[in-house]
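S.K.: Let's see this in three dimensions:
(one chain, ligands or ions: 1)
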Amino acid sequence: MSPLRLLVPLFFLGAIVTVFIKMFSSRGSDFNSKSGPSKKKRNRKSGKDGITNGQRDSQSEFELIEGGQMLLGFNNLLNGAADGRKIGKLFVSNKEIAKGSNGTVVFEGVYEGRAVAVKRLVRSHHEVAFKEIQNLIASDQHSNIIRWYGVEYDRDFVYLSLERCTCSLDDLIKTYLEFSMKKVLENNESTEAVSTYKISLDSLEGIVKGNNLWKVGGHPSPVMLKLMRDVVYGLAHLHNLGIVHRDLKPQNVLITRGMTLSAKLSDMGISKRLSGDMSSLGHLATGCGSSGWQAPEQLLQGHQTRAVDMFSLGCVLFYTITGCKHPFGDDLERDVNIVKNKVDLFPVEHVPEASDLISRLLNPNPGLRPSATEVLVHPMFWNSEMRLSFLRDASDRVELENREADSQILKAMESIAPVAIGGKWDEKIEPIFITNIGRYRRYKYDSIRDLLRVIRNKLNHYRELPPEIQELVGTVPEGFDEYFAVRFPKLLIEVYRVISLHCKEEEVFRKYFECNSI
Ligand SMILES: Nc1ncnc2c1ncn2[C@@H]1O[C@H](COP(=O)(O)OP(=O)(O)OP(=O)(O)O)[C@@H](O)[C@H]1O
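M.R.: Next up, the predicted model:
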C-alpha cells in the first residue's frame, strides 16, 4: 500500500478522535459548576485529570472552542492541574496557588484563553469583592498594578480572574535566601536536609538563579532596585487616582517575569477611593490593613491618608533590603512597637541612601512622610550616572564659595565631613592615586569640598588619566561611582541633605528633586 493511501484513513480517524476529545473536555469542564449545568457525572477515569497521557499529548496541539470562546488546552495548566470546572467564561482548576484571609483561595485558571490566577472569595464577603472589583477597574491600566480580566459568580463564591504572576515578593525573597543557603550547604558538601519552603524551590529556581537580588556587601542589586521602584510606581499611580491601598505588604506585591522581573501591586480589596480633593478617609472607613504593616495613625485612629501607604512602603523596602527583617521587630511585637515608634534601622545602615529614605517613610508624623512621587526621585533610586552628575554639580556649587566670606553652604558642607569622610580622605585612597592627584594642585584631606573636587576633576578628565589609575577607579559611570561609594558610603546622602536644605530651588539642582517628569 502506498504511504498516501495509508495516511488518508489515519487523517480521518485522527479528526474523529479530536472531535470526541473536544466534546469530552467541554463536558468535564462543567463538572461541579454550581452555576452551569451541574451534577454531570465524571466519566473520565484514566488519569489524574481523567484523560490518558495519549489524549493529553494530542490535546496539547489544539485549543478548545466553547460557546464561541477560545480556551487554551488543559495542558496549559501545569503539572496535572486540569481538574476543575467551568464557570461562565472561566475555567478554574483545582490547583491552588495560595490561601488568603477570610476563606479566600487563589487557584490557577484560564479565562478566555488566557492563563489567570483565580481569586475565589467567599460570597458572604461580597462587599469586599465588590470593592476589589471597583478598585481594580479604576486602577489596572498600569504596568505595576495587577490586571483583572473578569468576574464570575456561583452560589457561594465570587471568582476574580487576575493576571497570573509567578509568585509574591515575599516568596521571591524567601526562596532566594533558601536557594542561596542550599548552594552554601552543597558547597560545604553537607548532607543535611534543607527545610522546604511552601513554594517549591524548583519552580522558582530559574528566577532566583538568573537574578541576583543583592550585590556583594548586602547592597540591593539592580534587579532588586527595579522591583522596589516598580512598587513605588504602582503606589504613585494609585495615589494619583485618589486610591489608598491600605494593605501594602510583601505578600501583596506580585512578581511577573518577562525580559526582566516586574513587581505589581495586588489585593486591592480594602483599598479605598478618596473622592474629589479629600485627603483622608477618617474614622468611618471600613476595612483594615494587615497586622505589622500599618502606620501608627492607622492602628490608633483608623485615620487613613495616602501617607499610611508610605509608612507600609517603608516597612516593605526595609524587609526587601534586609532579606525578611522588619524595622519594628518580630511578628508579635510589631504593632506595639509601631505605636511606640520603637524602630531599629541598624540592619539597613550599610545602605545609607536606603536608611535615609526609610527613616523618612517611617516618620510617626504622617505629614512629614514623602509622597510616592518624591520617593521616586530619592537618591536611593539614582543610577551611577545620576549620582556622579549630582556630586559634580555639588562640587561646582561650592568650589567658588569664599571660605572667609562666611558662606553658609560651605559651612554646612564642611560640617558633614566627620560623618561623610570619617577622618582624612587620603587615608582611604591608594598612594598611587594620591600621587596622581597631587600633580595638579594641593588638596586639604579633611575637606568635603576638596574631595568633591577630586571626584569632579577625575570624572571630567577620565580619558587623560594614566591607564593604571583608570584601572584602579574602574569604568565610568558604574565602576567609578562604586570606587568612591565603597570608600565613602555616606558621602552622597550627606551632600544631598546639605543641597536639599540650601540649594533645592536653584536651576542646576531642580532635576534632582523634580517630580513632574514622573
Ligand atoms: N494574580 C496572582 N498570581 C499569582 N499568585 C497570586 C495572585 N494573586 C494572589 N496570589 C497568591 O495568593 C496569595 C493570597 O492572595 P491575596 O493576598 O490576594 O488574598 P487575600 O485574602 O486578600 O490575602 P490577605 O488578606 O492575607 O492579604 C498571595 O500572597 C499570592 O501568593
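
S.K.: What residues does the residue in the stretch 51-200 of the chain positioned nearest to the ligand make contact with?
M.R.: Nearest residue of the stretch 51-200 of the chain to the ligand, counting by C-beta to the nearest ligand atom: Gly100, 2.0 Å away. All C-beta atoms are positioned from the backbone trio N, CA, C, and that covers glycine. Contacts for Gly100 were tallied using C-beta atoms under 8 Å, 6 or more residues apart in numbering; they are 106, 119, 267.

S.K.: and the ligand, which of the residues you listed contact it?
M.R.: Taking C-beta under 6 Å from any ligand atom as the test, the ligand is in contact with 106, 119, 267 out of these.

S.K.: Top of those by number of neighbours, please.
M.R.: The most neighbours of any of the ones next to the ligand among the contacts of Gly100, using other C-beta atoms under 10 Å, belong to Lys119, which has 27 neighbours.

S.K.: Pull the contacting residues for the nearest residue to it once chain neighbours are set aside.
M.R.: Nearest residue to Lys119, sequence neighbours excluded (C-beta to C-beta, 6 or more residues apart in numbering): Leu160, at 4.3 Å. The neighbours of Leu160, taking C-beta under 8 Å, 6+ apart as the test, are 118-119, 121, 129, 132-133, 136, 148, 150-151.

S.K.: Likewise for Val232?
M.R.: If you count contacts by C-beta under 8 Å, 6+ apart, Val232 has them with 313, 372, 375-376, 381.

S.K.: Just give me the closest of the residues you listed to Leu361.
M.R.: Leu313 (5.7 Å; C-beta to C-beta).

S.K.: Quick check: that closest one is in a strand.
M.R.: No - counting by DSSP: H, G, I helix; E, B strand; the rest coil, Leu313 is located in no strand; its state is helix.

S.K.: Surely Val343 and Asn363 touch.
M.R.: No - in terms of C-beta atoms under 8 Å, Val343 does not count as a neighbour of Asn363; the distance is 10.1 Å.

S.K.: For beta bridges, what are the partners of the spatially closest residue to Cys165 that is not a sequence neighbour?
M.R.: Nearest residue to Cys165, sequence neighbours excluded (C-beta to C-beta, 6+ apart): Leu254, at 3.7 Å. Note on Leu254: beta-bridge partners by DSSP bridges are Ser168, Lys264.

S.K.: The residue of the stretch 51-200 of the chain closest to the ligand and His502: what is the separation?
M.R.: Plainly put, Gly100 is 49 Å away from His502 if you go by C-beta to C-beta, to the nearest Å.

S.K.: Please name the residues that touch Pro364.
M.R.: 296, 341.

S.K.: tell me the SS of it?
M.R.: On the three-state scheme (three-state DSSP), Pro364 is labelled coil.

S.K.: Retrieve the pLDDT associated with it.
M.R.: Among the per-residue scores, Pro364 holds a pLDDT of 97.

S.K.: how much space between it and the ligand?
M.R.: 25 Å (C-beta to the nearest ligand atom, to the nearest Å).

S.K.: what does Gly217 give?
M.R.: Distance check for Gly217 against the ligand: by C-beta to the nearest ligand atom, it reads 30 Å.

S.K.: so that residue sits in a helix?
M.R.: No - counting by three-state DSSP, Gly217 falls outside a helix, being coil.

S.K.: Which pLDDT value belongs to the closest residue to it other than its chain neighbours?
M.R.: In space, and not counting its chain neighbours, Gly217 is closest to His350: 6.9 Å by C-beta to C-beta, 6+ apart. Looking at His350, its pLDDT stands at 95.

S.K.: mind checking the SS state of His350?
M.R.: Following three-state DSSP, His350 is assigned to coil.

S.K.: Do I have it right that it meets Val216?
M.R.: No - if you go by C-beta under 8 Å, His350 and Val216 don't touch, sitting 11.5 Å apart.

S.K.: higher neighbour count, those two?
M.R.: It is His350, of His350 and Val216, that has more neighbours when counted by other C-beta under 10 Å, with 14 against 8.

S.K.: Got phi/psi on the more buried one?
M.R.: For His350, the backbone dihedrals (degrees, to the nearest 10) come out as phi -70, psi -10.

S.K.: now do Ser101
M.R.: Note on Ser101: its backbone torsions stand at phi -100, psi 170 [degrees, to the nearest 10].

S.K.: Could you do the one 10 residues further on as well?
M.R.: Phi and psi for Tyr111, reported as degrees, to the nearest 10, are phi -120, psi 120.

S.K.: Pull the contacting residues for it.
M.R.: 89-91, 118, 149-150, 161.

S.K.: Check the burial of Ser389 by counting its neighbours.
M.R.: Neighbours of Ser389 under the rule other C-beta under 10 Å: 16.

S.K.: In three-state terms, label it for me.
M.R.: Put simply, Ser389 is helix when judged by three-state DSSP.

S.K.: Ok, Arg155 next?
M.R.: When classified by three-state DSSP, Arg155 comes out as coil.

S.K.: Do I have it right that it meets Val122?
M.R.: No - counting by C-beta under 8 Å, Arg155 stays clear of Val122, with 11.3 Å between them.

S.K.: And these two? Which one has more around it.
M.R.: For the pair Arg155 and Val122, the greater number of neighbours falls to Val122 (15 against 8), based on other C-beta under 10 Å.

S.K.: what sits against the closest residue to that one other than its chain neighbours?
M.R.: Nearest non-adjacent residue to Val122, counting by C-beta to C-beta, 6+ apart: Gly103, 4.2 Å away. Listed by C-beta under 8 Å, 6+ apart, the contact partners of Gly103 are 121-122, 125.

S.K.: Name the nearest of those relative to Phe480.
M.R.: The nearest one, if we look at these relative to Phe480 and count by C-beta to C-beta, is Leu121, at 52.5 Å.

S.K.: Now do the SS call for the closest one.
M.R.: Under three-state DSSP, Leu121 falls in the strand class.

S.K.: Residue ranges in the chain under the pLDDT threshold?
M.R.: In the predicted model, the chain carries pLDDT under 70 at residues 1-82, 126-129, 183-203, 269-289, 403-404, 516-518.

S.K.: Burial check on the spatially closest residue to Glu478 that is not a sequence neighbour, number of neighbours?
M.R.: Once flanking residues are discounted, Glu478 sits nearest to Ser384: 4.7 Å by C-beta to C-beta, 6+ apart. Ser384 has 16 neighbours, counted by other C-beta under 10 Å.

S.K.: From Arg114, how far out is Ser384?
M.R.: 39 Å.

S.K.: Over to Thr166?
M.R.: Applying C-beta to C-beta, the value for Thr166 to Arg114 is 15 Å.

S.K.: again, but for Pro296
M.R.: Taking C-beta to C-beta as the measure, Pro296 falls 42 Å from Arg114.

S.K.: repeat for Thr104
M.R.: Separation of Thr104 from Arg114 (C-beta to C-beta): 21 Å.

S.K.: Which one's more surrounded, those two?
M.R.: Comparing Thr104 with Arg114 by other C-beta under 10 Å, the one with more neighbours is Thr104, at 20 against 17.

S.K.: nearest residue to the more buried one other than its sequence neighbours?
M.R.: Closest residue in space to Thr104, ignoring its immediate chain neighbours: Leu121 at 5.3 Å, by C-beta to C-beta, 6+ apart.

S.K.: Thanks a lot, see you next time.
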